[in-house]
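S.K.: With the sequence up front, the predicted model follows.
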Amino acid sequence: MSSASPAEGTTAPDPASARRRVVVEAVTPEVDAGRFPSKRSIGEVVVVEADVFADGHDSLASVLRYRHHASEQWTEAPMTPLVNDRWRGSFAVTQLGRYAYTVEGWIDPFRTWSKQLAKRIDAGQDVKPDLEIGARLVEAAAARASGDAGAKLTALAQALRKLGPAMPAAQGDQLQTLMDRHADRSQASRYACELEIVVDPERARFGSWYELFPRSAGKPGTHATFRDLEQRLPYVSGMGFDILYLPPIHPIGRTHRKGRNNSVRATANDPGSPWAIGSELGGHKSVNPDLGTLDDFKRFVRVAGEHGLAVALDIAFQCSPDHPYVRDHPEWFRHRPDGSIQFAENPPKKYEDIVPFDFEAESWRELWQELLSVVQFWMEQGVRIFRVDNPHTKPFAFWEWLISEVKRAQPDVIFLAEAFTRPKVMYRLAKLGFSQSYTYFAWRNATWEIAQYLTELSRPPVADFMRPNLWPNTPDILNEYLQNGGRPAFAARFLLAATLGASYGIYGPAFELCEGRPREAGSEEYLDSEKYQLRAWNLESPDSLRELITLVNRLRRENPALQTDRTLRFHQTENQYLVGYTKSTDDLNDVVLTVVNVDPRRTQAGMVTLPLEELGLPLDKAYQAHELLTGARYVWNGPRNYVEINPSSAPGQIFRFRQQVRSEHDFEYFL
């Protein structure tokens, strides 16, 4: 006898995959075919979907497999079918660091048999042969099981032969559970790759940032210290901020030091730009002695924590010409033909007070290690949050390496990317590991562009890898809207940032005091910018937005709906100057509608149309709209309701809904 062999010119089927009939594809979330991890924060639920299907009409089963990288043990969660062969499962992330996950699917002979049995019974057919087939499937599962489960399955196989359709429902449910648990998965198909989720602290998802220049926190005309800055902490924490961000705190160079309003000539009293880092007094691992000592800074971090504030430091990988690195490691910088070190420039702008690193230098390895040690040094001083200056001007590979090294040892560290650059570059930095990113929010002022841009940021695929941090102003950005709109413009932009974004920030006290004077017409630079000089601020100004900021930050803490970006939805307002949007918790227990008037000069009104069913609100009953800024309560009916906003009194309205309103007695103020 001769054995069969493949025909000439053909190859034999792959025995490892030939009998695997199930296809698993289109898994989400997935970033660039698994090249990068998705992002979540501690305690969030990761919802995973996949297409799982096979030839023919057999029933399928599918599970979501996941594990934390610290564990070798996989955990499985069942996936349920949706429509069109789409399946969904979920798991909660309870540890910082990285999780791996994948999807597995297989043919389920027992469920296929159960469906066929039900059809035969309905048709009045003899099912005795089918009961024997089912019993044998159960006995096969008993052989795969062990201990008590195997014994139970053996007994259930006998009960199935004897009772068939008359088997009690409880016994049938037990049988199905055991069969699911001990299914034959020898021919299961698994997704082509293991995907990853990186899990950050809650503050990576939800937080309010306040930026200030420490040197302006003292008496007018004097350079403040960290001890002086401690006196400002109750003011910042009292407004409800979580994170206090400080520009660079290092010694400032004198060579080509910039003067007031970016003048190329500085006087002896000009403090210089904090971003011109380094002098004979030290570099990136030193504290500007005008601010105090390293011990003073460590004390400040501790005292800030007692006020509920985490301190974020600026990481600016650039140097003053006076930096010790320039003297000790000239090979880390680019040189002009005359041998001098190349300063930074963006023609026609020149930044003679700054020299950039050469990340492509022959000694790049030593440079990279030194810059990593800078981050590690400030971590040792208690800092866990870093705002990174202009990361888009440094190599992608450098950031992927540095962030990976930092978070491998300390997964609670947060990096905010200050990258006002092209969208694809911003997105790449987010994929590489930055926890949050600045955005173009400062320049999105019309209703249509706000809705378009924030929808892009809050939906997959972008939402899977990038967390936006919305800033209406920075020391570098005073946009035209703020320059021309006065206090109502600042109030509107604040309300938008704080309710559109789970994370937002302001540069103060310039923002809450509505500082809108540009250096010159057409410029987004501040007149008398704190980047180049000390400023004295009247924190008790009657025009301050302090009260509004305090109230809104409290509402953000009280309403979980405002602590996520993923449920942001925009709604029709029938007025181009009104922008309306909701956020909600997944269970719809907290639904918040915000309507903002983006016209800082005129009262605007319109009908807001809500998708009631999607928001868990009744279609045929009245519901209560509680306006949280004023405390007013309204009874709304149906999807269309009237809103009117006068910017001179309030920039917008924030409503929280109650699903049932019984009578006037249901209102708290009823007497």
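M.R.: Ah, there it is. All values reported here derive from a predicted model rather than from experimental measurement.
S.K.: what residues are up against the most centrally placed residue in the chain?
M.R.: A centroid search over the chain (Cα atoms, centre = their mean) returns Arg467, at 3.0 Å, as the residue closest to the centre. Neighbouring residues of Arg467 by Cβ atoms under 8 Å, 6 or more residues apart in numbering: Lys39, Ala204, Arg205, Ala430, Ser435, Gln436, Ser437, Ala502, Ser503, Asp565. (Each C-beta comes from the backbone N, C-alpha and C, glycine too.)
S.K.: What residues sit buried inside stretch 439-455?
M.R.: Under the neighbour-count criterion of 16 or more other Cβ atoms under 10 Å, stretch 439-455 has Thr439, Phe441, Ala442, Arg444, Asn445, Thr447, Ile450, Ala451, Tyr453, Leu454 buried.
S.K.: helices or strands next to the host helix or strand of the last one in the packing?
M.R.: It stands for Leu454. For Leu454, the host element (DSSP states H and E) is helix 447-458. Counting contacts by 3 or more Cβ pairs under 8 Å, 6 or more residues apart in numbering; DSSP states H and E, helix 447-458 packs against helix 480-500, strand 569-571, strand 578-584.
S.K.: Skipping adjacent residues, who's closest to Pro324 in space?
M.R.: Gly283 (5.0 Å; Cβ to Cβ, 6 or more residues apart in numbering).
S.K.: So which residues of the stretch 51-200 of the chain form strands?
M.R.: For the stretch 51-200 of the chain, the strands defined by DSSP state E, counting those that start in this stretch occupy 60-68, 75-78, 80-81, 86-92, 97-107, 189-190, 195-200.
S.K.: Retrieve the pLDDT associated with the residue nearest to the centre of the chain.
M.R.: pLDDT, Arg467: 98.
S.K.: Likewise for Gly172?
M.R.: Listed pLDDT for Gly172 reads 83.
S.K.: Tell me how far it lies from Ala145.
M.R.: 18 Å (Cβ to Cβ, to the nearest Å).
S.K.: can you map out the helices along the stretch 151-300 of the chain?
M.R.: In the stretch 151-300 of the chain, the segments counted as helices under DSSP state H, counting those that start in this stretch are 169-181, 226-230, 233-238, 294-306.
S.K.: Buried deepest among those, which one?
M.R.: Among these, ranked by average contacts under mean count of other Cβ atoms under 10 Å, first place goes to helix 226-230 (a mean of 20).
S.K.: which parts of the helix or strand of the chain with the lowest mean pLDDT are buried?
M.R.: Lowest by mean pLDDT, DSSP states H and E among the helices and strands of the chain is strand 349-351, with a mean of 79. By neighbour count on 16+ other Cβ under 10 Å, the buried set for strand 349-351 is Tyr351.
S.K.: Please work out the average pLDDT along the helix or strand following it.
M.R.: Following strand 349-351 in sequence order, the next helix or strand is strand 355-356 (DSSP H and E). Averaged over strand 355-356, pLDDT sits at 96.
S.K.: What is the neighbour count of Ala650?
M.R.: Counted by other Cβ atoms under 10 Å, the residues lying close to Ala650 total 19.
S.K.: Surely it is within a helix?
M.R.: No - using DSSP: H, G, I helix; E, B strand; the rest coil, the assignment for Ala650 is coil, not a helix.
S.K.: quick one: contacts for the nearest residue in space to it that is not next to it in sequence?
M.R.: Counting by Cβ to Cβ, 6+ apart, Ala650 lies nearest to Leu629, which is 6.0 Å off, once chain neighbours are set aside. Contact analysis of Leu629 by Cβ under 8 Å, 6+ apart lists Leu551, Val552, Leu555, Ala650, Gly652, Gln653, Ile654.
S.K.: thinking again about what came up before, to the chain's geometric centre, what's the distance from the helix holding Leu454?
M.R.: 16 Å (Cα atoms, centre = their mean, to the nearest Å).
S.K.: Could you tell me the angle between it and helix 480-500?
M.R.: 50 degrees (axes from the mean of the first three to the mean of the last three Cα atoms, to 10 degrees).
S.K.: Residues in contact with whichever helix or strand comes after helix 447-458: which ones?
M.R.: Next helix or strand after helix 447-458 toward the C-terminus (DSSP H and E): helix 462-465. For helix 462-465, contacts defined as Cβ under 8 Å, 6+ apart pick out 28-31, 36-39, 427, 430-431, 456-457, 565-566.
S.K.: For Ala100, state which of the residues you listed is nearest.
M.R.: Comparing the contacts of helix 462-465 against Ala100 with Cβ to Cβ places Pro37 closest, at 9.3 Å.
S.K.: List the residues that contact the closest one.
M.R.: Taking Cβ under 8 Å, 6+ apart, we find Pro37 in contact with Val31, Arg98, Leu195, Glu196, Ile197, Val198, Phe465.
S.K.: if we go to 10 Å?
M.R.: 29-31, 98-100, 195-199, 431, 433, 464-465 (Cβ atoms under 10 Å, 6 or more residues apart in numbering).
S.K.: Just the buried subset of those residues, please.
M.R.: The buried subset of the contacts of Pro37 - by 16+ other Cβ under 10 Å - is 29-31, 98-100, 195-199, 431, 433, 464-465.
S.K.: so where's the stretch 1-150 of the chain uncertain?
M.R.: Applying pLDDT under 70 to the stretch 1-150 of the chain picks out residues 1-7, 9.
S.K.: okay, now Leu619: neighbour count?
M.R.: 8.
S.K.: element containing it, please.
M.R.: Judged by DSSP H and E, Leu619 forms part of no helix or strand.
S.K.: which non-adjacent residue is nearest it?
M.R.: Leu612 (5.5 Å).
S.K.: low-scoring pLDDT stretches of the chain, where are they?
M.R.: Ranges of the chain meeting pLDDT under 70: 1-7, 9, 659-671.
S.K.: so how far is Pro168 from Lys152?
M.R.: Counting by Cβ to Cβ, the gap from Lys152 to Pro168 is 14 Å.
S.K.: Which of these two has more residues huddled nearby?
M.R.: Between Lys152 and Pro168, Lys152 has the larger neighbour count (other Cβ under 10 Å), namely 16 against 10.
S.K.: need the contact list for the residue nearest to that one when sequence neighbours are not counted.
M.R.: Excluding the flanking residues, the one nearest Lys152 by Cβ to Cβ, 6+ apart is Leu178, at 6.3 Å. Residues in contact with Leu178 (Cβ under 10 Å, 6+ apart) are Phe110, Val138, Ala141, Ala142, Ala145, Ala149, Gly150, Lys152, Leu153, Leu156.
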